[in-house]
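show me the folded form of this:
(one chain, ligands or ions: 1)
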Amino acid sequence: MAEKIDGRAIARALDEKTKAQVDEMVAAGMKRPGLTVILVGEDGASEVYVRRKIKACEKVGINSSEHRLPADTSQEDLLALIEKLNKDPEVHGILCQVPLPDHIDTRLVLRSISPDKDVDGFHPVNVGRLSTGTGGIVPCTPLGVMILLGSVIDDFKGLDAVVIGKSNIVGKPVANLLLDAECTVTVTHIYTENLPEIARKADIIVAAAGAPELVKGSWVKPGAVLIDVGITRIKGEDGKEKLVGDIAFDEVQHAKAVTPVPGGVGPMTIACLLANTVQAARALQGDNSASSDYADVPSRSMFTEAAASS
Ligand SMILES: Nc1nc2c(c(=O)[nH]1)N[C@@H](CN(C=O)c1ccc(C(=O)N[C@@H](CCC(=O)O)C(=O)O)cc1)CN2
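Numbers count the residues shown, from 1 in each chain. Okay, the predicted model is just below:
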């Protein structure tokens with residue numbers, strides 16, 4: 001049986017570390033980290049994620065505020081709000097939940113968030129820093145993926161990693177992080193031929209295609225480590241809605257380890273957002289030592305230690 005990587009437990013361990021850092025900052029006379037979340041429109045899933053983010057802030061002692069804007073908010077008004085938040089000294093992290101309504105230019109909005117407060121790591125400056133290995137804020141889901149991998153892999157050097165999906169939010173940053181960890185990385189996408197054959201050679205597969213159960217058992221080498229980033233809501237045989245990932249979980253039990261959906265990458269996305277907010281708050285208050293804490297690929301021991309002390 002493959003080891004089921006418990007994203008919820010690892011996220012809890014990371015939250016404890018983040019909470020301890022917040023307490024340390026406050027004890028040292030620094031400002032308490034503050035996160036502002038912007039949600040435009042009424043997308044049901046986005047509302048759930050934003051609620052979870054705000055609740056998670058409370059748990060670790062991060063101040064949070066929310067701007068819920070109607071779906072017909074103009075791009076100009078949204079940019080004006082971000083400009084105001086960029087200048088607010090109490091706000092250390094700003095995130096705009098995506099997807100945004102169609103009339104809004106998402107790239108322009110993400111570029112308007114100050115790179116120093118861009119806790120999503122989506123700003124081109126942070127993307128550039130990541131791709132050149134020069135620090136900055138690492139996007140939450142890719143960072144979560146690396147932490148989950150780090151919980152079962154001691155040494156990444158020379159491993160063959162296959163990333164399925166080339167999105168700016170997941171596929172490309174994950175590929176950069178795996179490269180930094182000295183893996184040999186293949187990024188695949190919808191036009192890739194022989195995907196099953198490519199996947200079969202991989203020691204690590206990160207599936208981020210948004211295609212339910214795309215990765216079959218026959219695509220997976222015995223002993224590979226599998227990370228499932230896909231979350232699709234489908235109707236089960238009993239007529240109830242259920243969540244499925246990009247990996248056919250029951251077929252891959254010959255893998256070394258695999259993340260479940262739900263309970264794998266999802267909870268890590270929020271835990272990494274909190275960690276990024278603390279990193280941004282420290283850097284904005286002149287403490288740049290924070291940047292390497294999470295930008296480095298974490299080792300297995302970091303998480304076994306964190307889990308043991310939680
Ligand atoms: N500005 C951003 N927008 C979006 C991001 C992001 O990182 N920044 N990522 C996704 C959504 N997302 C966070 O915002 C997110 C997705 C999933 C989960 C999660 O905990 N999933 C659960 C199950 C979900 C459920 O029960 O409905 C799990 O996998 O266990 C958290 C956050 C897009 N937008």
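
distance check, residue 8 against the ligand.
Using Cβ to the nearest ligand atom, to the nearest Å, residue 8 is found at 7 Å from the ligand. The C-beta positions use only the backbone N, C-alpha and C, and glycine is treated the same way.

so how far is the host helix or strand of residue 82 off the chain centroid?
Assigned by DSSP states H and E, residue 82 belongs to helix 75-87. Offset of helix 75-87 from its chain centre (Cα atoms, centre = their mean, to the nearest Å): 24 Å.

and it, is it in reach of the ligand?
No. Judged by Cβ under 6 Å from any ligand atom, helix 75-87 and the ligand are separated, with a smallest distance of 12.6 Å.

what helices or strands is that helix leaning on?
With contacts taken as 3 or more Cβ pairs under 8 Å, 6 or more residues apart in numbering; DSSP states H and E, helix 75-87 sits against strand 34-40, strand 63-69, strand 93-96, helix 106-112.

buried set for the last one?
Translated: helix 106-112. Across helix 106-112, burial judged by 16 or more other Cβ atoms under 10 Å covers 109, 110, 111, 112.

do the same with the second one
Neighbour-count burial for strand 63-69 flags 63, 64, 67, 69 (criterion: 16+ other Cβ under 10 Å).

low-confidence ranges in the protein?
For the chain, applying pLDDT under 70 flags the ranges 290-310.

and it, which residues reach the ligand?
Residues of the chain lying close to the ligand by Cβ under 6 Å from any ligand atom are 48-49, 95-98, 120, 140-141, 231, 243, 261-263, 266-267, 269-270.

buried ones from those residues, can you make that a ChimeraX selection?
Selection of the buried residues among the residues of the chain next to the ligand in ChimeraX, burial being defined by 16+ other Cβ under 10 Å:
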select :49,95,96,97,120,140,141,231,243,261,263,266,267,269,270
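
name the helix or strand for whatever residue of the stretch 151-300 of the chain ends up closest to the ligand, please.
The ligand sits closest to residue 266 of the stretch 151-300 of the chain, with a gap of 2.2 Å, by Cβ to the nearest ligand atom. Using DSSP H and E, residue 266 maps to helix 265-284.

and the residue nearest to residue 258 when sequence neighbours are not counted, which helix or strand is it part of?
Once flanking residues are discounted, residue 258 sits nearest to residue 226: 4.2 Å by Cβ to Cβ, 6 or more residues apart in numbering. If you go by DSSP H and E, residue 226 is part of strand 225-228.

can you give the distance of that strand from its chain's centre?
The chain centre lies 14 Å from the centre of strand 225-228; the measure is Cα atoms, centre = their mean.

right, I'll call it a day here.
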